[in-house]
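**Student:** Mind looking at a prediction? Sequence and model below.
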Amino acid sequence: METTNIKAFGTEAAEAPLDQLNISRRKPTPHDVEIDILFCGVCHSDLHTARSEWGPSMYPCVPGHEIVGKVVSVGNHVSKFKVGDVVGVGCMVDSCRECEYCKEGLEQYCEPGMTGTYNAPDNHLPGNPTFGGYAESIVVDENYVLRIPENLDLAATAPLLCAGITTYSPLHHWKVSPGQKVGIVGIGGLGHMGIKIAKAMGATVVAFTTSESKFAEAQRLGADEVVLSKDPEQMAKYQGKLHFILDAVSAEHDINTYLGLLRVDGSLVLVGAPEQPLPVGAFSLIPKRRSFAGSMIGGIAETQDMLDFCGEHNITADIEMIDIQNINDAYERLLKGDVKYRFVIDMASLKG
Ligand SMILES: [Zn+2]
Ligand SMILES: [Zn+2]
């Protein structure tokens, strides 16, 4: 397989900071699209993977799965994209394409497993990991490339590729619609997208936060009502009132209190990932036939639907742009929750 050497930013070991390095990308095969990367969002997964916090990662590790860029070349069998198109790449760059889930457009739940955009075995370059978006360019099969709506700000669109689809998919799957009351728990990278998307779907949005200082922010993002989750009186008012809750909190929290806010047949869906198991009381679920579920990103077709929906409703992420050279500082700030609400890397800083 022919390769090209390109500049990237990543790490050689779990304890090492990220730094500039060179990586090899395959030259586009007949079904590939070669993308010059303009912007890449910074996801919590990037940090966890760079530091081997979810099990041993493959090194060198080049994170980044919220990629927006321009097509610079296409293989001769590519039919969906042409040079100059503005495109996106999210959390996966391939899947088996044959299992029942791939056939249903649920590639994120591919049975042998999807190929992650970074830190997955690269089928094209055996022995190497896939490298993500903290790089000058990326080569991806056209079937895993998304089209970016023309009206959206490109930098602020990058986070839609992970944070956007992670929140859109459950809201869409559980059929959130006008007339429903929907709770969003946690106002961070995921939660702020959840508020905007649930609002655009026509729901009455109730944001839950542990901090009174976030009330005005939540309203600015589109929340109709804001609740201080540590105030039992405020919480009691919502007992049995919500159709759906999207839980985007990664810290420990009492899930039973939130389950109690659901109506009959209501669902609470986790998209945040607390480290410790969450104890669920049987009687938090049984009396109102409630469901407790989880959800992971979305399939390719659904991700395109999400981008088109965001284009129609003019939804992007609230971002803070950084240069790639500041990524290590950005990780430290991310750990403190000190970002409104997503860092996006201006990839011109790597090329310059
Ligand atoms: Zn992510
Ligand atoms: Zn599959």
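**Tutor:** Ah, there it is. Ligands and ions are numbered 1, 2, ... in the order given.
**Student:** And the next helix or strand past the longest helix anywhere in the chain?
**Tutor:** The single longest helix within the chain, with elements called by DSSP state H, is helix 300-313. Later in the chain than helix 300-313, the nearest helix or strand by DSSP states H and E is strand 319-323.
**Student:** How far off centre is that following strand?
**Tutor:** Distance of strand 319-323 from the chain centroid (Cα atoms, centre = their mean, to the nearest Å) equals 17 Å.
**Student:** cool, and stretch 7-26?
**Tutor:** Going by Cα atoms, centre = their mean, the spacing between the C-alpha centre of stretch 7-26 and its chain's C-alpha centre is 22 Å.
**Student:** now what about that stretch, what contacts it?
**Tutor:** Here stretch 7-26 makes contact (Cβ atoms under 8 Å, 6 or more residues apart in numbering) with 1-6, 32, 50-52, 56-57, 59-63, 124-125, 128, 131, 134-139, 324, 327-328, 331, 350-351. Bear in mind the C-beta positions are built from the backbone N, C-alpha and C, glycine included.
**Student:** What helix or strand is residue 9 located in?
**Tutor:** Per DSSP H and E, residue 9 falls inside strand 3-10.
**Student:** Strands of the stretch 101-250 of the chain, start to end?
**Tutor:** Residue ranges of the strands in the stretch 101-250 of the chain, as given by DSSP state E, counting those that start in this stretch, are 115-116, 137-141, 146-147, 181-185, 204-209, 225-228, 242-247.
**Student:** What is the three-state secondary structure of the closest residue to residue 47 other than its chain neighbours?
**Tutor:** Distances taken as Cβ to Cβ, 6 or more residues apart in numbering place residue 331 nearest to residue 47, at 4.9 Å, with adjacent residues excluded. Secondary structure assignment for residue 331 (DSSP: H, G, I helix; E, B strand; the rest coil): helix.
**Student:** before we move on, the earlier item: minimum distance to ligand 1: which of the strands of the stretch 101-250 of the chain has it?
**Tutor:** Put simply, out of the strands of the stretch 101-250 of the chain the one that sits nearest ligand 1 is strand 115-116, at 9.9 Å, with distance taken as Cβ to the ion.
**Student:** That closest one near ligand 1 at all?
**Tutor:** No. On the criterion Cβ under 5 Å from the ion, strand 115-116 is out of touch with ligand 1, staying 9.9 Å away.
**Student:** With mean neighbour count added, can I get the strands of the stretch 101-250 of the chain in JSON lines?
**Tutor:** As requested, those are exported to JSON lines (neighbours: other Cβ atoms under 10 Å):
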{"stretch": "strand 115-116", "mean neighbour count": "20"}
{"stretch": "strand 137-141", "mean neighbour count": "22"}
{"stretch": "strand 146-147", "mean neighbour count": "18"}
{"stretch": "strand 181-185", "mean neighbour count": "27"}
{"stretch": "strand 204-209", "mean neighbour count": "25"}
{"stretch": "strand 225-228", "mean neighbour count": "18"}
{"stretch": "strand 242-247", "mean neighbour count": "26"}
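**Student:** got those as TSV, with distance to residue 302 and mean pLDDT columns?
**Tutor:** Formatted as TSV, the strands of the stretch 101-250 of the chain follow (distance: least, Cβ to Cβ, whole Å; pLDDT from 0 to 100):
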stretch	distance to residue 302	mean pLDDT
strand 115-116	18	98
strand 137-141	18	98
strand 146-147	11	98
strand 181-185	19	98
strand 204-209	21	97
strand 225-228	28	98
strand 242-247	16	98
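**Student:** With distance to residue 283 as added columns, please give these in JSON lines.
**Tutor:** Supplementary listing: the strands of the stretch 101-250 of the chain in JSON lines, determined by distance: least, Cβ to Cβ, whole Å:
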{"stretch": "strand 115-116", "distance to residue 283": "39"}
{"stretch": "strand 137-141", "distance to residue 283": "48"}
{"stretch": "strand 146-147", "distance to residue 283": "43"}
{"stretch": "strand 181-185", "distance to residue 283": "20"}
{"stretch": "strand 204-209", "distance to residue 283": "21"}
{"stretch": "strand 225-228", "distance to residue 283": "23"}
{"stretch": "strand 242-247", "distance to residue 283": "17"}
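**Student:** show me the residues around residue 325 that make contact.
**Tutor:** Counting by Cβ under 8 Å, 6+ apart, the residues that residue 325 touches are residue 349.
**Student:** In three-state terms, label it for me.
**Tutor:** Secondary structure assignment for residue 325 (three-state DSSP): helix.
**Student:** Name the helix or strand for the nearest residue to residue 3 once chain neighbours are set aside, please.
**Tutor:** Nearest residue to residue 3, sequence neighbours excluded (Cβ to Cβ, 6+ apart): residue 24, at 4.0 Å. Assigned by DSSP H and E, residue 24 falls within strand 19-26.
**Student:** hmm, back to that, list only buried entries from the contacts of stretch 7-26.
**Tutor:** Buried positions within the contacts of stretch 7-26, assessed by neighbour count (16 or more other Cβ atoms under 10 Å), are 6, 32, 50-52, 57, 59-63, 124, 128, 131, 134-139, 324, 327, 331, 350.
**Student:** mind listing what's buried in stretch 30-47?
**Tutor:** Buried residues in stretch 30-47, counting neighbours by 16+ other Cβ under 10 Å, are found at 31-35, 37-47.
**Student:** Among the residues you listed, which are located in strands?
**Tutor:** Taking DSSP state E as the definition of strands, the buried residues of stretch 30-47 contribute 32-35, 37-41.
**Student:** and residue 273, what pLDDT?
**Tutor:** In the prediction, the pLDDT value recorded for residue 273 is 88.
**Student:** Okay then, goodbye and thanks.
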